[in-house]
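Student: Attaching a predicted model along with its sequence, questions to come.
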Amino acid sequence: MTGSFANYWEEKILKHIFGLATYSALATLYVGVCTGGVTEDGTVTGEPAGNGYARVAVTNNATGWDFSQVAGLSKIQNHAAVTFPEASGSWGTITDVFLADAASGGNILAFATLDESKVIGSGDTLQFDAGDLGFTLD
């Protein structure tokens with residue numbers, strides 16, 4: 001699974017690179033999931049609520065992310081496993097993952113559709129192993 005940056009983050013990065021505005025890297029990124037998809041404009045459909053769901057905080061540095069460049073494709077991937085809390089009820093069928101700048105609400109920064117949907121029910125623990133989450137600039 002490889003996703004792309006949302007419009008919000010693309011704008012921040014482009015303005016920073018071309019000297020139109022400054023942008024400082026965030027100290028923490030939050031990984032979230034949803035059942036209905038994420039659009040380029042950052043609209044999330046079906047993020048679980050309750051039943052033990054919470055976005056997972058990932059330190060935004062080399063302990064949280066790895067950079068690679070293969071055949072001209074630059075990619076950022078999670079350095080370590082990202083493990084969500086155990087579900088205490090149904091979260092539904094998870095289809096997408098996203099990065100946000102807040103534990104709830106906030107701005108969507110990047111997103112990807114899972115290669116395979118995952119049904120999360122009571123007692124399940126959703127985990128993305130190291131390298132499972134990949135994001136590129138499109």
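Tutor: Arrived safely, thanks for sending.

Student: shouldn't Thr35 be in contact with Val97?
Tutor: No - the pair Thr35 / Val97 is not scored as a contact, 11.4 Å apart, by C-beta atoms under 8 Å. Bear in mind the C-beta positions are built from the backbone N, C-alpha and C, glycine included.

Student: So between those two, which is more surrounded?
Tutor: When Thr35 is set against Val97 and neighbours are counted by other C-beta atoms under 10 Å, the residue ahead is Val97, at 23 against 18.

Student: Which strands or helices does the strand ranked longest in the chain pack on?
Tutor: Longest strand in the chain, counting residues (DSSP state E): strand 108-120. The criterion is 3 or more C-beta pairs under 8 Å, 6 or more residues apart in numbering; DSSP states H and E, and the helices and strands that strand 108-120 contacts are strand 2-5, helix 7-17, strand 92-100, strand 134-136.

Student: quick one, what contacts His16?
Tutor: 22-23 (C-beta atoms under 8 Å, 6 or more residues apart in numbering).

Student: same question but for Leu99, I mixed them up
Tutor: By C-beta under 8 Å, 6+ apart, Leu99 lies in contact with 29-32, 108-111, 135.
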